[in-house]
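> Build me a model:
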Amino acid sequence: MFAKLRAFFLPSEKKPYAKRVHAITGLWPKNLHLYEQAFRHPSAVFSQGLEKEDSYERLEFLGDSILGAIVAEYLFKKYPKKDEGFLTDVRSRIVNGDSLNKLARKIDLDKLIEFERRNKSVKHSSMYGDIVEALIAAIYLDHGFDKAKKFILRKLIYNHLDIDHIVLNNTNYKSILLEWAIKNNKAVTFETVAEEGFGHQKLFTIEVFVEGKSVEIGKGNSKKKAEQEASFNSYKILSEKENLKKSDSERTIFTEEMPGEDQNSDEF
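Next up, the predicted model:
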């Protein structure tokens, strides 16, 4: 109630902003500056002559930890029989950049973001997900942990995420590849072989190795995305090899090996 009264006494030019924050969060801001900071991209900081700390980046750091902890607790209670590997995988799919970007648009965060529109690099998609985390931190600092937790659970998870669908539709190809490696007793490593560009325009190239042998590469504007693409490409190749081996085995199961056949192989 006091927060609503405080919003009432804001300068007239600030009241519409406070109302938009309330529409998104269900909370009246006590410290409006926190929310202004949460929605301010670094490019807007520089164009307005503000300090670097006035962008959302520090809040994003804090919000990332809060979001991860609350989602972890939610999954821990929702799936009491599942192991830590399952919980970690599902949490990563809930809080990854793509998922948060979609959430940001669903709750209309993109309408409040402040950035230098002439700078095309700031339209990088991860900006929206970053601001979800920054907003969570702003709520935490303004209203406390319990309110931040309610916002995450009620406004984000319950309203906009189908957790059962996420569980059943695993698109974490790195996780799938590592499961394949464990099943087949293979060592899989990821190596960053190229890093081009600057800031939000970076392009990473990740290469996958199985037992020290190169399988395939992937590219992306973050290391996580490059790893996912490299994992997808590699798993596709490895699966095709397994299918070929299975077909060959079925065809030759009743035949003897030909004399002089080369026993050496570069297969994984």
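> A226 and F232 touch, don't they?
No. Using C-beta atoms under 8 Å, A226 is not in contact with F232; the gap is 10.8 Å. Yep, even glycine has a C-beta here, placed from its N, CA and C like the rest.
> buried sites along stretch 161-179?
For stretch 161-179, the buried set under the neighbour-count rule, 16 or more other C-beta atoms under 10 Å, comprises L161, I163, V167, N172, Y173, K174, S175, I176, L177, L178.
> Next, the contact list for the residue nearest the centre of the chain, please.
Closest to where the C-alpha atoms of the chain average out (C-alpha atoms, centre = their mean) is N96, at 1.4 Å. In this structure, N96 makes contact with K224, judged by C-beta atoms under 8 Å, 6 or more residues apart in numbering.
> For it, grab phi and psi.
phi -70, psi 170 (degrees, to the nearest 10).
> circling back: using JSON lines, lay out the buried residues of stretch 161-179 together with pLDDT, secondary structure and distance to I139.
Output for these, formatted as JSON lines (pLDDT from 0 to 100; DSSP: H, G, I helix; E, B strand; the rest coil; distance: C-beta to C-beta, whole Å):
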{"residue": "L161", "pLDDT": "93", "secondary structure": "coil", "distance to I139": "18"}
{"residue": "I163", "pLDDT": "92", "secondary structure": "helix", "distance to I139": "22"}
{"residue": "V167", "pLDDT": "83", "secondary structure": "helix", "distance to I139": "27"}
{"residue": "N172", "pLDDT": "79", "secondary structure": "coil", "distance to I139": "28"}
{"residue": "Y173", "pLDDT": "86", "secondary structure": "helix", "distance to I139": "33"}
{"residue": "K174", "pLDDT": "89", "secondary structure": "helix", "distance to I139": "31"}
{"residue": "S175", "pLDDT": "85", "secondary structure": "helix", "distance to I139": "30"}
{"residue": "I176", "pLDDT": "87", "secondary structure": "helix", "distance to I139": "35"}
{"residue": "L177", "pLDDT": "91", "secondary structure": "helix", "distance to I139": "37"}
{"residue": "L178", "pLDDT": "90", "secondary structure": "helix", "distance to I139": "35"}
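> Go through these and name the one nearest K78.
I163 (7.1 Å; C-beta to C-beta).
> The closest one against K78, yeah?
Yes. Between I163 and K78 there is a contact under C-beta under 8 Å: 7.1 Å.
> hang on, the earlier thing: neighbour count: A226 and F232, which is higher?
Ranked by neighbour count (other C-beta atoms under 10 Å), A226 and F232 place A226 first, with 25 against 19.
> Spit out the contact partners of the more buried one.
T192, F204, T205, I206, G218, K219, G220.
> So what sits opposite the second one in the bridge?
To tie it back to what came earlier, the one meant is F204. E195, G220 (DSSP bridges).
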